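A.B. asks: sequence and predicted structure below; questions after.
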Amino acid sequence: KPGFRLKIAWTPIFFLTPAVLAFLIFKYYPLFQAIYMSFFDYKVIDPPGRFVLLDNYAYLIQSTEFWNALKNTFAFFGIYFILTFWIPIMQAILLNEVTTANKTIRVLYLLPTAVPAVAGYLLWKWLYNPDYGLLNYLLHFVGLGPYGWLNDPHMAKWAIVFPGVFGTG
């Protein structure tokens, strides 16, 4: 069309520009810097060091620590996904089916989400304490424990994810 002019609203762009720049600077610059550094035998004293191309990646693939960390990451993700996605979905469905004292049960169910994060962390730290924690105290009555909840590599994954189920971790 003749005489068609594109009108640009500059006010939103003006207000978004600092946030976008900060996002680019603090997220993508370190990412690209890390990728760049991965092609070098990086020395802090003499950066960036000797250029090694893909030798660092070959070392990484052969490293048992890398595969162990990758296995732990996927295990943590699986546990987290099951406990913090599927269980709350099932809880919401069940909570929706409750007819008696519906509002009271919903308030009691959502109450832990009102606990500030720091208080939640302190609560779980106390619950997991191997010496005087509440969980080990209760398990003592049924002949189990004491457990080092966060010290045992197999149990720590569950212990870290479990507070997220209640919205306090």
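C.D. replies: Cool, the structure landed.
A.B. asks: mind saving the C-alpha coords of stretch 79-86 as PDB?
C.D. replies: C-alpha atoms of stretch 79-86 as PDB (Å, rounded to 0.1, in the frame of the first residue of the first chain):
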ATOM      1  CA  ILE A  79      13.100 -39.300  40.900                       C
ATOM      2  CA  TYR A  80      12.300 -35.600  40.700                       C
ATOM      3  CA  PHE A  81       9.900 -36.000  37.800                       C
ATOM      4  CA  ILE A  82       8.000 -38.900  39.400                       C
ATOM      5  CA  LEU A  83       7.800 -37.200  42.800                       C
ATOM      6  CA  THR A  84       7.100 -33.600  41.800                       C
ATOM      7  CA  PHE A  85       5.000 -34.100  38.700                       C
ATOM      8  CA  TRP A  86       3.000 -37.300  38.800                       C
END
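A.B. asks: confidence score at the closest residue to G145 other than its chain neighbours?
C.D. replies: Leaving aside its chain neighbours, G145 sits nearest to L139 (3.8 Å; criterion: Cβ to Cβ, 6 or more residues apart in numbering). Heads up, the C-betas are built off the backbone N, CA and C, glycines and all. Looking at L139, its pLDDT is 91.
A.B. asks: please begin residue numbering at 36 from this point
C.D. replies: With 36 as the first residue, the last one maps to L174.
A.B. asks: L174 contacts Y182, correct?
C.D. replies: Yes - the pair formed by L174 and Y182 meets the contact definition of Cβ atoms under 8 Å, at 7.2 Å.
A.B. asks: what's the single longest helix in this protein?
C.D. replies: Secondary structure of the chain per DSSP state H: the longest helix is helix 99-116.
A.B. asks: buried sites along that one?
C.D. replies: Neighbour counts over helix 99-116 (16 or more other Cβ atoms under 10 Å) mark I114, Y115 as buried.
A.B. asks: thank you kindly, that will do.
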